[in-house]
Structure formats: C-alpha cells, structure tokens
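Trainee: give me the fold of what follows.
(one chain, ligands or ions: 2)
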Amino acid sequence: MRVEFLGTGGFHPSEQRHTACLMLPELGLIFDAGTSAFRVEKHVETASLDLFLSHAHLDHICGLTYLITLPLLGKVEQIRLHARTEILNAVKTQLFSEQVFPVPPPFEFCEIQDKGELQLPSGQQLEWMKLNSHPGGSTAFKVHLEEGVFAYVTDTTVDGSYTEFIRGAETLVHECYFPDSKSDWANQTGHTHSTALATLAKDAQVGRLIIVHTDPQDKSGDPIGIDEMRAIFPNTIIAEDKTSLELNK
Ligand SMILES: [Zn+2]
Ligand SMILES: [Zn+2]
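Mentor: Residues are numbered from 1 along each chain as shown. Ligands and ions are numbered 1, 2, ... in the order given. Now for the predicted structure:
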C-alpha cells in the first residue's frame, strides 16, 4: 500500500512545503486538501475519490477549489467529501460562496458524526473521532490495512483524548507545528510540540511516527528538534512533499 505525502506543511506554503494533503491512491482515499491538492490529479488510480477533512481551516481546505476539474473534466466519476456537519457547511457557504470562488462545488457532501466508522469502496474500514483541543475542533482518522493500522492526526495538542484511538497503529502521521521551545504557543493555538508527540508515540506503542504540518516560518531545516524526539521515540521521520512511502506487511 502506497502513501503519497503531497503536502507536509502547515499554515502557508513555503519554498519547501505545500499545505496538508495525504493520499492513498490505491484506495482512492485522501485526507485534507491544502495547497498541495493540485498534486492529486497525477496520482488518481480509482474511478471515485473519498476525501476526508480533519477540519476547515484554510491550510486544509483551500485546495478543494483545485479539485473541481477532476469530476468536471471526467478524470474521476465522483468525489465524496466527508466531514462533520459544521465543516461541510463552512466549505459550502464560505469557501464556495460566489464571492470567493466562481464554480459551485461538484462534490457529493457526506456528513459524518463526531465518532464513527465506514467501509471504503475498496473494502477497508475507516474510523474517526472528533478532537476538541484545536479551535473549532478537528477529527482524527485511522484506516485498517493489511499492513496494519494507518492513523492521521492533525491539528491538535497532545491532550490524552485519542491515545487509545491510535494505540498500536503501525504508522502514525501526526502534526508537529512547534518545537519544545514554543510549547506555550502550541498550547495556546491548539497545536503539538515535539516531546509531547514523541512521548505519545512511545506510550501508544505505534510502529513509526511520521511528522507533517510543520511551521513554514522556520527556515532552519529542523523545525521541531528531531534528535530530541528520536531520543524518546527512535522511529521518527519528518515527511517531505512528494515523498512516496510503501507500507509493508
Ligand atoms: Zn493546519
Ligand atoms: Zn487548524
């Protein structure tokens, strides 16, 4: 099973990273649609796409406007957009208001509850739960694959509410916007800082930790202090845009 890291930054695009979008092409499964969503087209392998939004902040949804060409030009038959009711309403009435974008969204809108699961067209089971520590709330997802559980968690502080949800996941893709030196900012803005995340990965006994949604304003090349994280949880990497990862059994 292949995972495409199309966009691995938070907030705004930088020279190195576009904002959030993650794709499992064989499943037609996409998480979030930030500025990197223009890269989806190249990886389409299925007749329809299921796109799940963690929340409706701009760095996770603005790329929805780029995806309209896929169904309109027949590159896919359908895009189902799944999110909690208030998220879908924000997308419909704000992002796709006539004043902001000229074309009505050609998506099938699918409301999800705060907690639930569904079977993807490819047969795999997807589960989600609402997280409350980011302004407006966000949603964590996990999909059960032959290669183990694949979890995607952004934007949130490490608040203990979803430790059991991710426990034992083979792969945890998680935001880490701040280094420990800015942990007060992480708590104020509802984001994650380095050692809190590494400790979570260790406590939840995940197989590996892949970091996304880093701070685009940090130009140091090591926005979160990777060595300190690896001292707590060695199997940690920072994803880069256009990384293709093969999950093995
Ligand atoms: Zn974000
Ligand atoms: Zn956010």
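Trainee: what's the next secondary structure element after whichever strand or helix holds residue 186?
Mentor: Per DSSP states H and E, residue 186 falls inside helix 183-189. Tracing the chain past helix 183-189, the next element assigned as helix or strand by DSSP H and E is helix 194-203.
Trainee: next, see if whichever strand or helix holds residue 6 gets close to ligand 1.
Mentor: In this assignment (DSSP H and E), residue 6 forms part of strand 2-7. No: if you take C-beta under 5 Å from the ion as the test, strand 2-7 misses ligand 1, and the best it gets is 10.6 Å. Just so you know, the C-beta spots here come from the backbone N, C-alpha and C atoms, and that holds for glycine as well.
Trainee: in that strand, what's buried?
Mentor: Within strand 2-7, the residues scored as buried using 16 or more other C-beta atoms under 10 Å are 3, 4, 5, 6, 7.
Trainee: so the second one makes contact with residue 23?
Mentor: Yes: using C-beta atoms under 8 Å, residue 4 and residue 23 qualify as a contacting pair, with a distance of 4.4 Å.
Trainee: could you show which parts of this structure are in contact with ligand 2?
Mentor: Going by C-beta under 5 Å from the ion, the residues of the chain near ligand 2 are 57, 155.
Trainee: could you find the closest non-adjacent residue to residue 125?
Mentor: With C-beta to C-beta, 6 or more residues apart in numbering as the measure, residue 144 is the residue that lies nearest to residue 125, at 4.6 Å, once sequence neighbours are left out.
Trainee: now do the nearest residue to residue 126 once chain neighbours are set aside, the pLDDT please.
Mentor: The shortest distance from residue 126 to any residue that is not its chain neighbour, by C-beta to C-beta, 6+ apart, is 4.8 Å, and that residue is residue 143. In the prediction, the pLDDT value recorded for residue 143 is 98.
Trainee: surely residue 143 meets residue 26?
Mentor: No: with contact defined as C-beta under 8 Å, residue 143 does not count as touching residue 26 (11.5 Å).
Trainee: counting neighbours, go ahead and name the busier of those two.
Mentor: Neighbours were counted for residue 143 and for residue 26 using other C-beta atoms under 10 Å; residue 143 has more, 24 against 15.
Trainee: and that one, that one's in a helix?
Mentor: No: secondary structure of residue 143 (DSSP: H, G, I helix; E, B strand; the rest coil): strand, not part of a helix.
Trainee: who's in contact with it?
Mentor: When the contact criterion is C-beta atoms under 8 Å, 6 or more residues apart in numbering, the partners of residue 143 are 24, 27, 29, 120, 124, 125, 126, 127, 149, 150.
Trainee: excluding chain neighbours, what is closest to the first one?
Mentor: Spelled out, it's residue 24. The spatial neighbour of residue 24 that comes closest, neighbours along the chain excluded (C-beta to C-beta, 6+ apart), is residue 3 at 5.6 Å.
Trainee: so that neighbour bridges to which residues?
Mentor: Taking DSSP bridges, one finds residue 245 as the beta-bridge partners of residue 3.
Trainee: numbering from 24 from now on, please.
Mentor: With 24 as the first residue, the last one maps to residue 26.
Trainee: quick check: the residue nearest to residue 219 when sequence neighbours are not counted vs residue 202, distance?
Mentor: Of all residues not flanking residue 219 in the chain, residue 181 sits nearest, at 4.1 Å (C-beta to C-beta, 6+ apart). From residue 181 over to residue 202 the distance is 14 Å, taken as C-beta to C-beta, to the nearest Å.
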